[in-house]
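Peer 1: mind looking at a prediction? Sequence and model below.
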Number of protein chains: 2
Amino acid sequence: MVGGGFGGVQAVRKLRRAPVDVTLVDRRNFSLFQPLVYQVATGALSPGEVASPLRGIFKRSSNVHVLLGEVTGFDLENRRVLVDGMPDDGGPRELPYDSLIVAAGSGYSYFGHDEWSGLAPDVKSLESALEVRRRILSAFEAAESEPDPGRRASWLTFVVVGAGPTGVELAGQIGEIARDTLRRDFRSIDTRSARILLVEMADRVLPLFPPGLSRSAARALEKLGVTPLTEHRVVDIDDGSVTLTSAAGETQRVAARTVVWAAGVVASELAGRLADAAGVEVDRAGRVPVRPDLTLPGHPEVTALGDMALVHDAAGKPVPLPGLAPVAMQQGRYAGRAVRDRIRGRQPGPFHYRDKGNLATIGRAKAVADIKGLHLSGLFAWLTWLFVHLFYLIGFQNRLIVFIRWTISFVTRGRGERLISSGPPSTT
Amino acid sequence: MVGGGFGGVQAVRKLRRAPVDVTLVDRRNFSLFQPLVYQVATGALSPGEVASPLRGIFKRSSNVHVLLGEVTGFDLENRRVLVDGMPDDGGPRELPYDSLIVAAGSGYSYFGHDEWSGLAPDVKSLESALEVRRRILSAFEAAESEPDPGRRASWLTFVVVGAGPTGVELAGQIGEIARDTLRRDFRSIDTRSARILLVEMADRVLPLFPPGLSRSAARALEKLGVTPLTEHRVVDIDDGSVTLTSAAGETQRVAARTVVWAAGVVASELAGRLADAAGVEVDRAGRVPVRPDLTLPGHPEVTALGDMALVHDAAGKPVPLPGLAPVAMQQGRYAGRAVRDRIRGRQPGPFHYRDKGNLATIGRAKAVADIKGLHLSGLFAWLTWLFVHLFYLIGFQNRLIVFIRWTISFVTRGRGERLISSGPPSTT
């Protein structure tokens, strides 16, 4: 089992009591609750509250071995995974397997401009989320001690690229920080004058939601001081400005010191290595093609799932599935059950995704929900969002503490974790 | 006001309603609850729980300006503090003052071996505490995948240098991690076989406590698997071992991959700059001498306090005060009141330290307390420790969440924040 995200943890859970030895390999010693990482970037939650140690999750499962290491390749002929060990631990090693499940997830693509990654960090990993937090909070500090109005305005301009759920939620929270949390903290600046631009290529925010909910979300964002710039594309980023082009072909340069990236999902590079090893081609988003039972063509002992896999139906046509946690979790459970089935000599049926709905929160008591065709927005959608996220958080302690933090934030409009602390070294 | 630690925050609090403008300068945007930082290193608490944003503390005090910056020097003749601004904020600036209070705290000295700081990080700042956490947790991971018994033992050997309260509490917590928290997490190693050495130059642990309590503490430590090595000195550290000399002159080399430093307190270098500016000499621990009212000789408008100041009595004799939070807090309150008094034309009396006692915790339900000659050890001392620390934590949210974390840790013997995440880049 490679990858301890939503898919990997669910797959291993299904194998806990099976007569198999499971080795779970991950670069990190924790499973990250991806949909809430952006709240670390806004100081609403602390890193430990959105992450669970993998060894802790499986401490009572004696057939599960957790191995910290970086998977570097696959030898499908000899059924071996190549793993680079810990830094001081010598060279790579080969792990043999009978069944292999790979769920290595995805990252952001920067549209071929990898040089932007330092200028516009994402909120996908804890490290980059802490870097985003440092930049957001430092920007207000810099504005406070900046006498020049132009430069001050550029410190108070925040650009979020990508208006999917992560971009929308992040932009909304920056709006709340500026309008509520920090309002009385500064003496020279009015934090409410901050501009927050949400840049999206599509013609509306939350393009995967029904159009009516996109409109509700856009209205809620505007109330928080966020300006949605739909049908706009980022064409350049430098240290101090972002250049945008509209669908009409107009180009503008925005002076902004803080840019956060949440667009252009691309599969983990392990998808490419797995496809190479199996002699198949990845799609435009870098995903490896898998059969209806999630196995690799020609390799029924190898399963790929989650954001890094593109499922094909029995007729060989790709099945479009969103890159969301519920998909990865259902596929993980399916893959774990499939391994058990095959041991018992049964052939698993094809994977079917059960769409339970789609949620995004915009701010305090505001959210949109699309649940089996039922479109909700406002307080009830927000409460649904809240309890769904609490329910899927791993560990009683994290659930309790996140619930308390959200309750206190709701009442006080504050944010507990407003530390400017060094994350990874800044690359700008 | 320079420094937002225990002393600085208390001094500014006393000036909130006074007819003065207060500028609080600190390198960080938060006040750190130093006595609990080591719990970040052991994964018991998260960084935000032991830190409070300074702007948040003084958000309702419109006469208090918080300035993020590094103080680089003092011009006492012209009554100016030199401050280096934020990274992108241009050059240094000069802050004029009528009254100056400096409370810049202390660090560790490494006995002149600054090259050890990368090999043996401390638990004084949040960054180094996170680095210590990364090293402790990674050591168990490395031991799990290390086949050689000798190298495995060196990964499972932890050396804590200095048996003051911080060293004792940290060593006890590493013992608990090895014996309780991680016991069922690994498959190849028995984490209970970990060796934890607590190195101390004095002839007993907690040398500032009464000898009877030192004995109780040593017994409690041994029960947690900690070996106190009193009358031992560190003479060398390299990447993989620590060399110790005993008072009897015997030298031994211990193979250990994880070393944590908690010895040799030395005043902030701002004490030296302040002493130079005033034309006085610092003492061996780098502290600036101050008069009975905490002001600099010849400069009644300049106060220095906390770990960086050495108080002298009216006869000019140094008054030995411990380097503890209560001293800094009482001195901070005194200094704030003294500024108000001088505005009203009153001359403040000399500072008197009221010793309310001394506390150290060793592990789950174990602590020692020396309260006005009353010596306690065990559960009652531990409850006292618990409530005193909760009481002095800043902010309702931090108090509540730390209380919940401690309660859950007490019941489950677990630790919530077991993430191996990059802190600052490792220097080894």
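Peer 2: Sure thing, it's come through. Fair warning: this is a prediction, and the values are worked out from it, not measured in the lab.

Peer 1: hmm, what's the outermost residue in chain A?
Peer 2: residue A:147 (37.4 Å; CA atoms, centre = their mean).

Peer 1: host element of it?
Peer 2: Residue A:147 is part of no helix or strand when elements are defined by DSSP states H and E.

Peer 1: just give the nearest non-adjacent residue to residue A:16, would you?
Peer 2: Nearest residue to residue A:16, sequence neighbours excluded (CB to CB, 6 or more residues apart in numbering or on different chains): residue A:61, at 4.3 Å. Placement of C-beta: from N, CA and C, glycine included.

Peer 1: same thing with residue A:67?
Peer 2: Going by CB to CB, 6+ apart, residue A:67 has residue A:25 as its nearest residue, at 4.8 Å.

Peer 1: which strands or helices does the host helix or strand of the one you found pack on?
Peer 2: If you go by DSSP H and E, residue A:25 is part of strand A:22-26. The elements that strand A:22-26 packs onto, with contact taken as 3 or more CB pairs under 8 Å, 6 or more residues apart in numbering or on different chains; DSSP states H and E, are helix A:6-14, strand A:64-68.

Peer 1: mind listing what's buried along that strand?
Peer 2: For strand A:22-26, the neighbour count (16 or more other CB atoms under 10 Å in any protein chain shown) marks A:22, A:23, A:24, A:25, A:26 as buried.

Peer 1: got it, and stretch A:214-232?
Peer 2: Quick answer for stretch A:214-232 (16+ other CB under 10 Å): A:214-218, A:220-221, A:224-226, A:228-230, A:232.

Peer 1: among those residues, which are in strands?
Peer 2: A:226, A:228, A:229, A:230, A:232 (DSSP state E).

Peer 1: the first one against residue A:169, yeah?
Peer 2: No - under the criterion of CB atoms under 8 Å, residue A:226 is not in contact with residue A:169, lying 10.9 Å apart.

Peer 1: now do the shared contacts for these two.
Peer 2: With contacts taken as CB atoms under 8 Å, 6 or more residues apart in numbering or on different chains, residue A:226 and residue A:169 have no neighbour in common.

Peer 1: who does the strand or helix carrying residue A:101 touch, helix- and strand-wise?
Peer 2: Assigned by DSSP H and E, residue A:101 falls within strand A:100-102. The contact analysis (3+ CB pairs under 8 Å, 6+ apart) places strand A:100-102 against strand A:299-304, helix A:325-343.

Peer 1: what's the next helix or strand after that strand in contact with?
Peer 2: The helix or strand immediately downstream of strand A:100-102 is strand A:106-108, counting by DSSP H and E. Around strand A:106-108, the neighbours that count as contacts under CB under 8 Å, 6+ apart are A:122, A:124, A:261-268, A:306-308, A:323.

Peer 1: ok, now stretch A:201-209?
Peer 2: Contacts of stretch A:201-209 (CB under 8 Å, 6+ apart): A:163-165, A:168, A:198, A:200, A:211, A:213-215, A:217-218, A:221, A:228, A:230-233, A:247, A:263, A:322, A:358, A:360, A:368, A:370.

Peer 1: and the helices in the stretch 301-428 of chain A?
Peer 2: Using DSSP state H, counting those that start in this stretch, the helices of the stretch 301-428 of chain A run over A:325-343, A:379-392, A:396-412.

Peer 1: let me know the pLDDT of the closest residue to residue A:26 other than its chain neighbours.
Peer 2: Among residues not flanking residue A:26 along the chain, residue A:4 sits closest, at 3.8 Å (CB to CB, 6+ apart). pLDDT, residue A:4: 85.

Peer 1: tell me, how many residues neighbour residue A:4?
Peer 2: 28 (other CB atoms under 10 Å in any protein chain shown).

Peer 1: likewise for the one 3 residues further on?
Peer 2: With neighbours defined by other CB under 10 Å, the count for residue A:7 comes to 34.

Peer 1: ditto for residue A:281
Peer 2: Counted with other CB under 10 Å, residues neighbouring residue A:281 total 10.

Peer 1: same list, the ones in strands among the buried residues of stretch A:214-232, but as TSV with pLDDT and distance to residue A:255 please.
Peer 2: TSV is the format used below for these (pLDDT from 0 to 100; distance: CB to CB, whole Å):
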residue	pLDDT	distance to residue A:255
A:226	96	18
A:228	96	19
A:229	96	15
A:230	96	21
A:232	96	16
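
Peer 1: follow-up on the earlier one: what helix or strand does the residue nearest to residue A:16 sit in?
Peer 2: Counting by DSSP H and E, residue A:61 is part of no helix or strand.

Peer 1: one more: residue A:81?
Peer 2: Using DSSP H and E, the element containing residue A:81 is strand A:80-84.

Peer 1: pLDDT averaged over whichever helix or strand comes after that strand - what is it?
Peer 2: Later in the chain than strand A:80-84, the nearest helix or strand by DSSP H and E is strand A:93-96. Per-residue pLDDT over strand A:93-96 has a mean of 88.

Peer 1: and what of stretch A:198-211?
Peer 2: 94.

Peer 1: start and end of it, how far apart?
Peer 2: 17 Å (CA to CA, to the nearest Å).

Peer 1: would you mark the buried spots in that stretch?
Peer 2: Buried, per 16+ other CB under 10 Å, within stretch A:198-211: A:198, A:199, A:200, A:201, A:202, A:204, A:205, A:206, A:209.
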